[in-house]
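Student: predicted model and sequence follow; I will ask about them next.
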Amino acid sequence: MDLFEYQAKELFAEYGVPVPQGKVASTAAEARAIADEFAAAGKSRVVVKAQVKTGGRGKAGGVKVADDPADAQAKAEQILGMDIKGHTVHRVLIEEASAIAEEYYFSFLLDRANRTFLSICSKEGGMEIEEVAHTDPDAVAKVAIDALKGAPADVAADIVAKGKLPAAAAQGATEIITKLWDAFVGSDATLVEVNPLILTEDGRVIALDGKVTLDENAEFRQDLSRFEVAAEGDPLEVRAKEKGLNYVKLDGQVGIIGNGAGLV
């Protein structure tokens, strides 16, 4: 199960990971009301972010900075209803604007090929990690994680060092990585990604974005229903789930994988 950004950040916050303040709106009027709350607290600039379970929102115009509540309403009107890679935007996250000094990348994931857990850390955040690995492979550190030891402070500090994060962000990033591991294990996730992980102008390290994939096989011990949003997600996957089918949309033509025993 993939989570929306706002759901991922709610999960992060449960484990003490610092995230920007924000609320979700399903209409432009709700977006303005939320922006009004921020303005009353002295935070007039907000970011309006499309909530879809796919990447490339920024390039598609699904992430916009608003200077005041009226602008937030206008930006929300532009984004709501957009189609981003086949996903219709039903909700937007209205979030306080952050003063970004630098952007980094971090993730924990299940490495099925090597039957282990893997952490990926890079000083080059804010773009797709595959692109960074292709253009500057030395900027991407991949560190295997011992499932029994996890990612305590010493392991997290080693990841930060190998990822070549600057000294100004080292302590904050180390603390966040340890908490992200707790979230990864505690929620039975197969992916926890923060891109970008930012250093603010006042020296704080914050998870500015969040992507989480939960293992539905762990549903017997996890309350996954709290993350379910009716009729949202890929339309074909929603229809399949209504009929009790497991379906994952992939690029290309429809095909059948047969494994014998009359199952096809």
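Tutor: Looks like it arrived, so ask away. Numbering: from 1, shown residues only.

Student: what are the boundaries of the strands in the stretch 1-150 of the chain?
Tutor: With DSSP state E, counting those that start in this stretch as the criterion, the stretch 1-150 of the chain has strands at 22-25, 46-50, 63-66, 83-84, 87-88, 92-96, 100-111, 116-122, 140-145.

Student: okay if I get these as TSV plus mean neighbour count, mean pLDDT and distance to Glu77?
Tutor: No exception for glycine: its C-beta is placed from N, CA and C like everyone else's. Below are these laid out as TSV (neighbours: other C-beta atoms under 10 Å; pLDDT from 0 to 100; distance: least, C-beta to C-beta, whole Å):
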stretch	mean neighbour count	mean pLDDT	distance to Glu77
strand 22-25	20	98	11
strand 46-50	26	98	10
strand 63-66	18	97	11
strand 83-84	15	94	15
strand 87-88	18	90	15
strand 92-96	24	98	10
strand 100-111	20	97	26
strand 116-122	21	96	36
strand 140-145	17	96	38
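
Student: contacting residues for the closest residue to Asp215 other than its chain neighbours?
Tutor: What sits nearest to Asp215 in space, not counting adjacent residues and going by C-beta to C-beta, 6 or more residues apart in numbering, is Asp188, at 4.8 Å. Asp188 makes contacts with 214-215, 218, 221-222, as judged by C-beta atoms under 8 Å, 6 or more residues apart in numbering.

Student: how about the strands of the stretch 1-150 of the chain in TSV, adding distance to Tyr15?
Tutor: TSV is the format used below for these (distance: least, C-beta to C-beta, whole Å):
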stretch	distance to Tyr15
strand 22-25	17
strand 46-50	21
strand 63-66	25
strand 83-84	28
strand 87-88	27
strand 92-96	19
strand 100-111	12
strand 116-122	16
strand 140-145	16
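
Student: mind listing the helices for this structure?
Tutor: 5-14, 28-40, 69-79, 129-135, 153-162, 167-186, 235-242 (DSSP state H).

Student: for Ser119, which of those is the nearest?
Tutor: Ranking these by proximity to Ser119 (C-beta to C-beta) places helix 153-162 first, at 5.3 Å.

Student: flag the shaky bits of the stretch 101-250 of the chain, pLDDT-wise.
Tutor: The model of the stretch 101-250 of the chain has pLDDT under 70 over residues 230-234.

Student: can you put the contacts of Asp188 in CSV and add neighbour count and distance to Leu148?
Tutor: Output for the contacts of Asp188, formatted as CSV (neighbours: other C-beta atoms under 10 Å; distance: C-beta to C-beta, whole Å):
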residue, neighbour count, distance to Leu148
Leu214, 22, 22
Asp215, 15, 19
Ala218, 14, 19
Arg221, 6, 19
Gln222, 18, 21
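
Student: and these, which two are furthest apart?
Tutor: Leu214 and Arg221 (11.5 Å).

Student: I'd like to know how far the residue nearest to Asp215 sits from Leu110.
Tutor: Remark: distance between Asp188 and Leu110 (C-beta to C-beta, to the nearest Å) = 10 Å.
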